[in-house]
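**Q** Build me a model:
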Amino acid sequence: MKRAFDILAALAGLALAWPVLLLVAAAVRLSSPGPAIHWSRRVGRGNREFRMPKFRSMRTDTPDVATHLLEDPQRWITPIGRFLRRSSLDELPQLWSVLKGDMSLVGPRPALFNQHDLVELRTMAGVERLRPGVTGWAQVNGRDELPIPEKVRLDAEYLERQSFAFDLAIILATLRQAIRARGVSH
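**A** I've put the predicted structure just below:
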């Protein structure tokens with residue numbers, strides 16, 4: 001049922017959001033040199049690597065590490081990037097990854113390919129069995145502000161509690177937070 005919901009919701013989201021997708025893509029291209037979409041190397045289900053699309057919010061020469069590991073992250077963010085991150089509009093292209101089956105609407109956020117500490121702790125907790133999500137339980141409980149062990153604890157809690165009703169509650173909480181731009185540190 002979860003996969004069927006993911007496919008229907010992703011199709012509906014893309015059908016409804018296509019004008020926004022086009023506007024954001026144009027704004028990214030006009031505000032900084034480079035492509036509108038950044039394909040990020042991420043770790044997915046079974047610790048397999050996949051490429052996840054996001055609207056580009058950083059300069060093209062940004063080092064390929066988690067934003068919090070950058071020295072002076074503000075220096076790398078594009079003129080429109082801060083808005084895209086705070087509004088979570090940079091995440092919209094991930095609906096494509098949901099359709100492909102690389103991601104789910106709800107699950108643990110996919111780790112970057114070089115976030116070995118996060119991948120190792122998730123594997124120890126059994127979380128690597130889950131399809132990563134556009135949003136997740138850790139996302140609505142702190143997002144960028146959470147230390148890695150706390151993210152993993154919340155991911156493991158999601159693994160234990162997952163249900164359709166819980167997913168819907170997380171989606172609604174995500175929408176509330178996106179409107180308020182809560183939990184985004186960069």
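**Q** where do the helices sit along the chain?
**A** Using DSSP state H, the helices found in the chain span residues 2-31, 81-87, 94-100, 116-125, 148-161, 164-180.
**Q** CA atoms of the third one as PDB?
**A** This points to helix 94-100. What follows is helix 94-100 as a C-alpha-only set of coordinates in PDB (Å, rounded to 0.1, in the frame of the first residue of the first chain):
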ATOM      1  CA  GLN A  94      12.700  14.300  -5.600                       C
ATOM      2  CA  LEU A  95       9.200  13.300  -6.600                       C
ATOM      3  CA  TRP A  96      11.000  11.800  -9.600                       C
ATOM      4  CA  SER A  97      13.000   9.600  -7.300                       C
ATOM      5  CA  VAL A  98       9.800   8.500  -5.600                       C
ATOM      6  CA  LEU A  99       8.300   7.500  -9.000                       C
ATOM      7  CA  LYS A 100      11.500   5.600  -9.800                       C
END
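**Q** which helices and strands sit right next to that helix?
**A** When contacts are defined as 3 or more CB pairs under 8 Å, 6 or more residues apart in numbering; DSSP states H and E, helix 94-100 packs onto helix 2-31, strand 49-55, strand 133-135. For every residue, glycine as well, the C-beta is placed using N, CA and C.
**Q** Show me what the longest one is packed up against.
**A** Under the contact criterion of 3+ CB pairs under 8 Å, 6+ apart, helix 2-31 touches strand 49-55, helix 94-100, strand 104-106, helix 164-180.
**Q** The last one vs helix 2-31, what angle?
**A** Relative orientation of helix 164-180 with respect to helix 2-31: 20 degrees, computed using axes from the mean of the first three to the mean of the last three CA atoms, to 10 degrees.
**Q** do you know how far R59 is from L154?
**A** 31 Å (CB to CB, to the nearest Å).
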